[in-house]
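Chemist: structure here, sequence nowhere to be found:
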């Protein structure tokens, strides 16, 4: 459960005085997530998400993240709109944390999506990139190569046993990849965390894309590589080539990759594997047992890197093994 900062009903009622949402009915912690504290907020006749942004989320980035979801929703994309307070702002303070009220979107994430659902998710990511293209906000990648280096250095101060072995492999990958984003790659606003638990489905269709707090400007193909790394492997990091092919096929029905993007996808996949290996390794080494969150296995993401090194730049049909 990801609840870092508790909130009482009385504290929530005080916070809600700044909103036109009616009286509080119930406040329920939301278990998913490892970055921020989320509650299902029920008021008379309505349901929202109350999010408290924890230390890893830079408060200065919130206008970009919330602005991006608001921009997407205004174009009919299923992203949750932030709810403004009475004075017009999206961001308040609650228990010493920046906090916001976000629209509740119906649906549930799929733990075992079918290939058809994976393809639908791929098409929705392409739709996101197309709809976000004219968003004027700018934010550098908060977990880019500079941060990878810093995470590796800090992890090196305390890594032992298996964690040290993982770190050694990650160090070799850092050295080999250098700057994986070099080259003429189309850039724009990206989600950067398009995992199954951030994509809600209802009746076989995507009903919501949530959690844009790693959102930033970056190569669109890197966002695709992150998503392929999330949807195309099982929980142990074992590749599912048909799922990789289905997701990419869905994506390219709306936004075909450029030749440069297709050629770069293998190294961008390795970069995605490295990024999540290092964040998960760091979080496991420095895990605070008093926090109600379970660290994720970094080895499962490191296993993806070796598969990506053999990934073909060919189109989806060839990758899936079709003739």
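Modeler: Structure's in. What do you need? Here the structure is a predicted model, which means the values were calculated and not measured. Numbers count the residues shown, from 1 in each chain.

Chemist: what are the boundaries of the helices in this structure?
Modeler: Along the chain, the segments classed as helices by DSSP state H run 9-16, 62-74, 115-132, 145-156, 161-177, 220-231, 241-254, 259-285, 298-309, 316-319.

Chemist: pick the most deeply packed of those.
Modeler: With neighbours defined as mean count of other C-beta atoms under 10 Å, the helices of the chain peak in mean count at helix 220-231, which reaches a mean of 27. From N, CA and C alone the C-beta is placed, and that goes for glycine too.

Chemist: please list the residues outside that one that contact it.
Modeler: For helix 220-231, contacts defined as C-beta atoms under 8 Å, 6 or more residues apart in numbering pick out 113, 118, 121-122, 125, 129, 180-181, 185-188, 190-196, 243-244, 247-248, 251, 255, 257, 261, 264-265, 268-269, 271-273, 275-276, 301, 304, 308.

Chemist: mind doing that once more with 6 Å?
Modeler: Contacts to helix 220-231, defined as C-beta atoms under 6 Å, 6 or more residues apart in numbering, come from residues 118, 125, 129, 185-186, 188, 190-191, 194-195, 243-244, 247, 251, 261, 264-265, 268-269, 272-273, 304.

Chemist: returning to what we had before: columns distance to residue 100 and mean pLDDT on top of the helices of the chain, output as TSV?
Modeler: Below are the helices of the chain laid out as TSV (distance: least, C-beta to C-beta, whole Å; pLDDT from 0 to 100):
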stretch	distance to residue 100	mean pLDDT
helix 9-16	10	97
helix 62-74	6	98
helix 115-132	19	98
helix 145-156	24	97
helix 161-177	34	97
helix 220-231	23	98
helix 241-254	30	98
helix 259-285	23	97
helix 298-309	29	96
helix 316-319	38	43
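
Chemist: turn these into CSV, columns for distance to residue 108.
Modeler: Shown next, in CSV, are the helices of the chain (distance: least, C-beta to C-beta, whole Å):
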stretch, distance to residue 108
helix 9-16, 24
helix 62-74, 19
helix 115-132, 12
helix 145-156, 31
helix 161-177, 32
helix 220-231, 16
helix 241-254, 19
helix 259-285, 23
helix 298-309, 23
helix 316-319, 27
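
Chemist: out of the ones you listed, which gets nearest to residue 93?
Modeler: helix 9-16 (8.3 Å; C-beta to C-beta).

Chemist: just checking, what packs against that closest one?
Modeler: strand 24-29 (3 or more C-beta pairs under 6 Å, 6 or more residues apart in numbering; DSSP states H and E).

Chemist: would you mind measuring from the closest residue to residue 202 other than its chain neighbours to residue 247?
Modeler: Leaving aside its sequence neighbours, residue 202 sits nearest to residue 107 (C-beta to C-beta, 6 or more residues apart in numbering; 4.0 Å). To residue 247, residue 107 is 19 Å away according to C-beta to C-beta, to the nearest Å.

Chemist: one more: residue 209?
Modeler: Separation of residue 209 from residue 247 (C-beta to C-beta) stands at 14 Å.

Chemist: and for residue 104?
Modeler: 27 Å.

Chemist: tell me the contacts of the residue positioned nearest the centre of the chain?
Modeler: With distances taken as C-alpha atoms, centre = their mean, residue 193 lies nearest the centre of the chain, 1.7 Å away. By C-beta under 6 Å, 6+ apart, residue 193 lies in contact with residue 214.
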